[in-house]
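**Student:** let's see this in three dimensions:
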Amino acid sequence: MNAGENEGATILVAEDDRAIRFSLACSLKAEGYRVLEAGDGEEALASIGRDQPDAVLLDLKMPGKDGLAVLASLGPALADLPVIVITAYGGSAAAIEAMRRGAYDYLSKPFDLDEVQLTLKRALRQRSLAREVQALRSRANAEEKEPDDPADDEPELVGSSVGMREVFKAIGLAAATDAPVLIAGESGTGKELVAAALHRHSDRASGPFVRVNCGALPEALIESELFGHERGAFTGADRLKPGRFERASGGTIFLDEVGELPLSAQAKILRVLQQREFERVGGTEILKTDARVISATHRDLSREVAAGRFREDLFYRLNVARIAIPPLRERPEDIPILAEHILRRVERRHGWGTLSLSPEALAAIKERPWPGNVRQLENALARAAIAARGRTILPEHLDAEERPDPAIPPVLESAETLPLRALLAEVERRAIERALAFCNGNRTRTAERLGISRRQLFDKIREYDLQP
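**Tutor:** Predicted structure coming up:
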């Protein structure tokens, strides 16, 4: 942006120090801006209401109404007015509070005039992009209103690619039956969303939808969780507890990551599928269930069967209807509509109304492979939205997306002296250690990030003697 491009943009400099105010005004005028000045908070608010500047440079420490009070008075108006606060202390609590209240950015005294210019140009560009996107969105809403746009914050399957159209078609066909459905797809592709859609569009929609994360269940408690237990069945069983199959009767039970179940539990689930009956742990009464079974896995169950880790008879029982979700890298044309859908959910979650994605940022996310699929894209956009202060996401806001750990490849330098098995184990240990640190020791998030089950993660933590 040169002086010609800046021409017409009005900047309010609210600063009680006359020398600093004069220096900023001269620098901005040299760049082609129209400059307004205010010596305190009251003058600043009056100028904002009267002159409607395009951006504000606001000192936090001023007599009378200070910078924080000005921000509080502006309130929702900050969504369309970038305010760059100026503070004498870069790490002060006041600067942090200013950002929390909606300031676009802050600069520390003594500041560099070039830094002021750069920050201001970025703020104005983001404001301009936000207005363009808002205008396009308003025009699109006026031309066509989606009849089934969800009003809540529930995730939804979206996509217009050939692969996703096949998924939608398969959901419609399977929802009309009570047959078991096996959903296949990589971690993060939306298998649970497909299961929820199957239930929502079936005749069982008024019944319960019970989710079971098979990979997160401790092996000793799997049977009790799935089928329930009688009082006194084991130490700590101080009351009767209905199991998931019992609670799902009349509705749907979703067995997520069914490939993680041990063979002993697989045999009991097979009995439920074949005979629609089971017994609670510690009980003798035969109980009936009318739950429809939907299962999902990121594993190739046919290979698991060949390896002896999954029962062949159960595989055929679960795989009556099959829905395969393509990974995000195979449907890049879905990324724009996914990004728009994700940003609207982030808007509702945080109460923002102007969150948008710049064309450059959209181009950047379309180039990425997204090995974590839609879940990774959603997390990246949520982080970028926070970095963008709920306004327009630019490519630099996406830079916080994690990169491959540069500390892992150097271990390959030991390939000549380490046996292959030891070399692979060291790479695995470092990857798990880094993932645990990234997730602050949260094992469920770590397992999801690594694409393994919690049970597998626990085994690896013990094997490598890691301390989360």
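**Student:** how far off centre is stretch 314-331?
**Tutor:** 23 Å (CA atoms, centre = their mean, to the nearest Å).
**Student:** my bad, should have said stretch 50-58
**Tutor:** 34 Å.
**Student:** ok so residue 194 is a strand residue?
**Tutor:** No. Assigned with DSSP: H, G, I helix; E, B strand; the rest coil, residue 194 falls outside any strand and is helix.
**Student:** quick check: closest non-adjacent residue to it.
**Tutor:** Counting by CB to CB, 6 or more residues apart in numbering, residue 194 lies nearest to residue 183, which is 5.2 Å off, once chain neighbours are set aside. The way it works is simple: take the backbone N, C-alpha and C, and place the C-beta from them, glycine included.
**Student:** ditto for residue 287
**Tutor:** Residue 287 sits nearest to residue 278 (CB to CB, 6+ apart), 5.8 Å away.
**Student:** show the contacting residues for residue 242.
**Tutor:** 228, 280 (CB atoms under 8 Å, 6 or more residues apart in numbering).
**Student:** need phi/psi at it.
**Tutor:** phi -70, psi 140 (degrees, to the nearest 10).
**Student:** which residues does it bridge with?
**Tutor:** With DSSP bridges as the criterion, residue 242 is bridged to residue 228.
**Student:** ok, the one 10 residues further on next?
**Tutor:** Using DSSP bridges, the beta-bridge partners of residue 252 come out as residue 209, residue 292.
**Student:** ok, it - how many residues close by?
**Tutor:** Other residues near residue 252 come to 24 when the count uses other CB atoms under 10 Å.
**Student:** so how far is residue 157 from it?
**Tutor:** 16 Å (CB to CB, to the nearest Å).
**Student:** quick revisit: the residue nearest to residue 287 against residue 227, yeah?
**Tutor:** Yes. If you go by CB atoms under 8 Å, residue 278 and residue 227 touch, sitting 4.9 Å apart.
**Student:** so what sits against both of those two?
**Tutor:** In contact with both residue 278 and residue 227: 243, 245, 268, using CB under 8 Å, 6+ apart.
**Student:** list the contacts of residue 106.
**Tutor:** Going by CB under 8 Å, 6+ apart, residue 106 touches 84-87, 95, 98-99.
**Student:** what residue ranges in the stretch 1-150 of the chain score low on pLDDT?
**Tutor:** 1-7, 89-93, 133-150 (pLDDT under 70).
**Student:** how about a cut-off of 80?
**Tutor:** 1-8, 79, 88-100, 108-111, 129-150 (pLDDT under 80).
**Student:** the helices in it, which residues?
**Tutor:** Along the stretch 1-150 of the chain, counting by DSSP state H, counting those that start in this stretch, helices occupy 3-6, 18-30, 41-51, 67-74, 93-100, 113-143.
**Student:** which of those helices sits most buried?
**Tutor:** Counting by mean count of other CB atoms under 10 Å, helix 67-74 has the highest mean neighbour count of these, with a mean of 21.
**Student:** tell me the phi and psi of residue 170?
**Tutor:** phi -60, psi -40.
**Student:** need the contact list for residue 274.
**Tutor:** residue 317.
**Student:** so what's it scoring on pLDDT?
**Tutor:** For residue 274, the model assigns a pLDDT of 91.
**Student:** begin at 22 from now on, thanks
**Tutor:** Sounds good: first residue 22 from here, last item residue 295.
**Student:** just to be sure, it is in a helix?
**Tutor:** Yes. Under three-state DSSP, residue 295 falls within a helix.
**Student:** on that earlier part again, more neighbours: which of residue 299 and residue 248?
**Tutor:** residue 248 (25 against 21).
**Student:** what about the nearest residue to residue 62 once chain neighbours are set aside, how many residues nearby?
**Tutor:** Using CB to CB, 6+ apart and skipping residues adjacent in sequence, the residue nearest residue 62 is residue 86, 2.9 Å away. As a burial measure, residue 86 scores 16 neighbours (other CB under 10 Å).
**Student:** list the contacts of residue 86.
**Tutor:** 61-63, 65-66, 94.
**Student:** which one of the contacts of residue 127 sits closest to residue 487?
**Tutor:** Nearest to residue 487, judged by CB to CB, of these is residue 120 at 35.6 Å.
**Student:** for that closest one, which non-adjacent residue is spatially closest?
**Tutor:** residue 127 (6.6 Å).
**Student:** residue 137 versus that neighbour, what's the distance?
**Tutor:** Where residue 137 is concerned, residue 127 sits at a distance of 11 Å (CB to CB).
**Student:** then residue 409?
**Tutor:** 20 Å.
**Student:** circling back: dump the helices of the stretch 22-171 of the chain to CSV, plus distance to residue 186.
**Tutor:** Shown next, in CSV, are the helices of the stretch 22-171 of the chain (distance: least, CB to CB, whole Å):
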stretch, distance to residue 186
helix 24-27, 43
helix 39-51, 52
helix 62-72, 49
helix 88-95, 46
helix 114-121, 43
helix 134-164, 22
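**Student:** nearest to residue 362, out of those?
**Tutor:** helix 134-164 (13.0 Å).
**Student:** first-to-last residue distance for stretch 381-400?
**Tutor:** Start to finish, the residues bounding stretch 381-400 are 19 Å apart (CA to CA, to the nearest Å).
**Student:** and for residue 240, the neighbour number?
**Tutor:** Residue 240: 12 neighbours (other CB under 10 Å).
**Student:** excluding covalently adjacent residues, which one is nearest to it?
**Tutor:** Leaving aside its chain neighbours, residue 240 sits nearest to residue 283 (5.7 Å; criterion: CB to CB, 6+ apart).
**Student:** tell me how many other residues surround the one you found.
**Tutor:** Close neighbours of residue 283, defined as other CB under 10 Å, add up to 14.
**Student:** rewinding a little: who touches both of residue 127 and residue 137?
**Tutor:** By the contact definition CB under 8 Å, 6+ apart, residue 127 and residue 137 are jointly contacted by residue 105.
**Student:** sec struct for the residue nearest to residue 215, please.
**Tutor:** With three-state DSSP as the criterion, residue 204 reads strand.
**Student:** which residues sit in contact with it?
**Tutor:** 212, 215-216, 315-318, 343-346.
**Student:** neighbour-wise, which of these leads?
**Tutor:** Sorting these by how many neighbours each has (other CB under 10 Å) puts residue 315 first, at 30 neighbours.
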